[in-house]
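>>> Fold the following for me, if possible:
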Amino acid sequence: MNDLLLIRQKIYEIRNQRVMLDFELAELYGVETSQLKRAVRRNIERFDGEDFMIVLTKDEIQAIGSRRQFGILNSGHPAQEEAMTARRGENFKYAPFAFTELGVAMLSSVLHSPTAIETNRNIMRAFVELRRLTQMGNASYQQLQQEIKEVKDYIEDILKDQNDINEEHSAQLEAISMALAELQTEKRQQTPREPIGFR
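Predicted coordinates:
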């Protein structure tokens with residue numbers, strides 16, 4: 001389960017696709033990034049199309065670097081230094097490859113070590129889990145939208161009823177005011193005036 005969590009943290013959203021980066025895959029497979037890239041280049045026809053693999057632009061690399069905080073690697077190992085450079089979004093010799101779920105599945109056909117095969121199985125599980133969580137999230141989101149709509153409709157009904165009550169009260173208050181005004185007028189007319197002057 002911890003392996004799946006670790007892998008899920010290495011899945012990014014780029015160009016509306018979920019992808020994993022070559023240097024992080026190499027780390028998971030226990031090989032050097034250059035070795036992974038060589039295997040891919042030797043079998044490049046297997047990775048044809050952006051639905052399998054994309055080469056990241058400088059902006060995409062910097063966007064990934066700014067979204068995540070990475071620790072410092074001090075080993076001096078070339079593959080780890082390349083990974084660290086890419087993680088910081090700095091300039092480096094070769095742009096990283098980003099593999100989609102299909103691309104990662106295809107990697108199992110070019111990397112044959114038992115570690116790579118087992119890692120690929122876990123990566124596939126992580127992609128499936130992410131898809132399941134997204135679908136659950138979409139269902140929850142739709143349910144939340146429905147609940148919000150119901151609350152909004154309920155509030156609008158209450159306000160409408162309140163407006164109707166206010167209009168009714170206003171009409172009643174106006175009728176009362178008119179009745180009082182008429183009563184005052186009648187009272188003035190019925191009360192005889194006292195003559196002005198001395199008696």
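>>> Output the below-cut-off pLDDT ranges for the protein.
Where the chain drops to pLDDT under 70, the residues are 1-2, 66-93, 137-141, 144, 187-199.
>>> how about a cut-off of 50?
Filtered on pLDDT under 50, the chain yields the residue ranges 69-81, 83-91.
>>> for it, longest helix please?
The longest helix of the chain (DSSP state H) is helix 114-190.
>>> Which neighbouring elements make contact with that one?
Judged by 3 or more Cβ pairs under 8 Å, 6 or more residues apart in numbering; DSSP states H and E, helix 114-190 is in contact with helix 2-8, strand 17-21, helix 22-29, helix 101-107. Yep, even glycine has a C-beta here, placed from its N, CA and C like the rest.
>>> wait, which of these is closest to residue 168?
Smallest distance to residue 168 across the helices and strands packed on helix 114-190 (Cβ to Cβ): 58.1 Å, for strand 17-21.
>>> rewinding a little: CSV for the helices and strands packed on helix 114-190, including distance to residue 119?
Formatted as CSV, those follow (distance: least, Cβ to Cβ, whole Å):
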stretch, distance to residue 119
helix 2-8, 8
strand 17-21, 11
helix 22-29, 5
helix 101-107, 9
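>>> quick one, which of those is packed in tightest?
helix 22-29 (a mean of 23; mean count of other Cβ atoms under 10 Å).
>>> Tell me the first helix or strand C-terminal of that helix.
Sequence order places helix 33-42 as the next helix or strand after helix 22-29, per DSSP states H and E.
>>> ok, the closest residue to residue 117 other than its chain neighbours - contacts?
Distances taken as Cβ to Cβ, 6 or more residues apart in numbering place residue 108 nearest to residue 117, at 6.0 Å, with adjacent residues excluded. Residues near residue 108 by Cβ atoms under 8 Å, 6 or more residues apart in numbering: 116-117, 120.
>>> Quickly note the distance from residue 108 to residue 7.
The gap separating residue 108 from residue 7 is 14 Å, by Cβ to Cβ, to the nearest Å.
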